[in-house]
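Undergrad: okay, here's the prediction I keep looking at, along with the sequence it came from:
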Amino acid sequence: MGRKKTKAEEETSASTATRRAIVSTPHLKRNSIVVVGFLAVLAMLFVNFRSPSVERDSGLSVLLITVDTLRADALGVYGGRAETPWIDRLAREGVRFETAHAHNVVTLASHANILSGQLPLSHGVRDNTGFRFPADMKTLATRLQSLGFRTGAFVSAFVLDSRFGLNRGFDVYDDRTTGIEVQSPFRVPDRQGAETVELAKTWIDAQGGSQFFAWVHLYDPHFPYVPKEPFASRYAADLYSGEVAATDAALGRLLGPILDGPRKDKVLVVFTSDHGEGLGEHGESTHGVFAYESTLRVPLIFWSHTLPGATVKTPVRHIDIVPSVLDALGQESDNQLPGRSLLSLLGGRQGDAAFSYFESLSPSLNQGWAPLRGLFDGRFKYIDLPLPEVYDLAQDPKEMKNLAATEPQEWLTSLRRPQI
């Protein structure tokens, strides 16, 4: 037998393998700027943080709530027009991340990132159709199930049907949806959020004192926007916000007993969305084509009795959710997870942003367009296209001024500089 590798050697070996996989991608190989950016990503891929300032609790249950097609700035607590008292309260009493990013702008791929803690480069799910999550990859469900958690998932749209592979690790995976007569890219079988919430609440209540992991996915804000009353009348001029407000009202049945009931000291709640919605910005009415902030920026909120109320401005990512949950439960870090635990930030401490990879490949896979990939370093956002785009989000959050041609040096220097 050979000498056992040290942890540092294992991480170096893993970094080398990841580098080879990235630079061998034909589209990325042709563009040296993207290669430089990805090499910078490798400097932080295997770094995880543990902070002694936040209490860990191995006895917590975990409730993951994902709302489909929810822009961060649609929520009241993020400055939006929709009335969202339950989500706002969750944010006020917990930790709200001001700038969180998805890595994909379609539902299946994004949930694969959220549940596995892996980038699409690793799990291989790049679109809603034609892909299946790999059967040998760990997810938050498989990890917690192995620790003795009871696990249940309640999803609201066909795109997350069990046939696509995200059901692994769940004792119960309720993906029942109603059929529709005509299916299109923006109309798939789904069910109302209120119904999904009731199913999830019934299952959670049935667990008694047992430790559980529940994933609840609501689809309502997705196009077409058809909120029920009283939200249809109240938001007649902005039906998308009406859907968001209706979603919040439905979640009250689930969140009320946790925030005010006997479980309030026993549950970690994580709230996010898979992606946002264009709503006409940059010429995109819905999502799935571009990767501007309207569809890439998502809400992210952590709540439990162990966390002080705080707002964190440091940019974070979907792949940080799994290591953060494991850390909150007192579990050892896993160097195979590219994200980092956010518990040092959950305590209210600001820190440096980690590089975030993102992509939108549906138009490339389905219409033959150029693949869209990019990087965000916490300030500068680079979109790799035949005509590249660079935006300074600190000065230009609406991404109106492309700096690629006029001011290349500052953002190129930033992308060369690893931030951990």
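TA: Yep, it's here.
Undergrad: so where do the strands sit in the stretch 201-350 of the chain?
TA: 212-218, 267-273, 297-303, 310-312, 316-317 (DSSP state E, counting those that start in this stretch).
Undergrad: got any ranges where the stretch 251-400 of the chain has weak pLDDT?
TA: 347-350 (pLDDT under 70).
Undergrad: check G179 and give its pLDDT.
TA: Looking at G179, its pLDDT stands at 58.
Undergrad: before we move on, what about S58?
TA: S58 is given a pLDDT of 96.
Undergrad: repeat for E407
TA: Per-residue confidence (pLDDT) for E407: 61.
Undergrad: next, the angle from the longest helix along the chain to strand 212-218.
TA: Longest helix of the chain, by residue count under DSSP state H: helix 239-260. With axes from the mean of the first three to the mean of the last three C-alpha atoms, to 10 degrees applied, the angle from helix 239-260 to strand 212-218 works out at 160 degrees.
Undergrad: helix 239-260 versus strand 297-303: what angle between them?
TA: 10 degrees.
Undergrad: what residues does stretch 156-165 touch?
TA: 68, 107-108, 111, 128, 131-135, 155, 166, 173, 175, 177, 188-193, 196, 217-220, 222 (C-beta atoms under 8 Å, 6 or more residues apart in numbering). (Glycine included, C-beta is placed from N, CA and C.)
Undergrad: can you tell me which of those residues are buried?
TA: Burial by neighbour count, judged by 16 or more other C-beta atoms under 10 Å, picks out 68, 107-108, 111, 128, 131, 133, 155, 166, 173, 175, 177, 188-193, 196, 217-220, 222 from the contacts of stretch 156-165.
Undergrad: which of those fall within strands?
TA: By the criterion of DSSP state E, membership of the buried ones among the contacts of stretch 156-165 in strands covers 173, 217-218.
Undergrad: list the contacts for the spatially closest residue to P299 that is not a sequence neighbour?
TA: The spatially closest residue to P299, leaving aside those adjacent along the chain, is A72, at 4.4 Å (C-beta to C-beta, 6 or more residues apart in numbering). Taking C-beta under 8 Å, 6+ apart, we find A72 in contact with 78, 100, 273, 276, 297-299.
Undergrad: now the ones in strands among the buried ones among the contacts of stretch 156-165 in CSV, with distance to P262 and pLDDT?
TA: Supplementary listing: those in CSV, determined by distance: C-beta to C-beta, whole Å; pLDDT from 0 to 100:
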residue, distance to P262, pLDDT
Y173, 27, 98
H217, 25, 98
L218, 25, 98
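Undergrad: turn the residues you listed into CSV, including distance to R56.
TA: Shown next, in CSV, are those (distance: C-beta to C-beta, whole Å):
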residue, distance to R56
Y173, 28
H217, 27
L218, 29
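Undergrad: of the residues you listed, which is the nearest to E359?
TA: Lowest distance from E359 to those (C-beta to C-beta) belongs to H217, with 21.5 Å.
Undergrad: grab the nearest non-local neighbour of that closest one.
TA: V155 is the one closest to H217 (C-beta to C-beta, 6+ apart), at 4.2 Å.
Undergrad: how close does that neighbour get to K381?
TA: From V155 across to K381, the span is 30 Å (C-beta to C-beta, to the nearest Å).
Undergrad: repeat that for N113.
TA: 18 Å.
Undergrad: likewise L346?
TA: 25 Å.
Undergrad: pull the contacting residues for the residue positioned nearest the centre of the chain.
TA: Central residue of the chain (C-alpha atoms, centre = their mean): H318, 3.6 Å from the mean position. Going by C-beta under 8 Å, 6+ apart, H318 touches 100-103, 110, 113-114, 272, 298, 339.
Undergrad: excluding chain neighbours, what is closest to D73?
TA: Nearest one to D73, counting by C-beta to C-beta, 6+ apart, is G80 at 5.2 Å.
Undergrad: I258 too?
TA: V267 (5.2 Å).
Undergrad: how many other residues sit next to that neighbour?
TA: Applying other C-beta atoms under 10 Å, we find 22 other residues in the vicinity of V267.
Undergrad: can you tell me how far K266 sits from G94?
TA: The value you get for K266 to G94, if C-beta to C-beta is used, is 15 Å.
Undergrad: so for the two, which residue has more residues nearby?
TA: G94 (22 against 17).
Undergrad: surely Y225 touches G242?
TA: Yes - here Y225 reaches G242: they are 6.9 Å apart, a contact under C-beta atoms under 8 Å.
Undergrad: neighbour count winner among those two?
TA: G242 (27 against 19).
Undergrad: which pLDDT value goes with the nearest residue to that one once chain neighbours are set aside?
TA: Using C-beta to C-beta, 6+ apart and skipping residues adjacent in sequence, the residue nearest G242 is Y235, 3.1 Å away. Per-residue confidence (pLDDT) for Y235: 97.
Undergrad: how close does Y235 get to Q336?
TA: Taking C-beta to C-beta as the measure, Y235 falls 44 Å from Q336.
Undergrad: which residue of those two possesses the greater neighbour count?
TA: More crowded of Y235 and Q336, by other C-beta under 10 Å: Y235, with 21 against 13.
Undergrad: what residues are up against the more buried one?
TA: So Y235 contacts 82, 227, 241-242, 245 (C-beta under 8 Å, 6+ apart).
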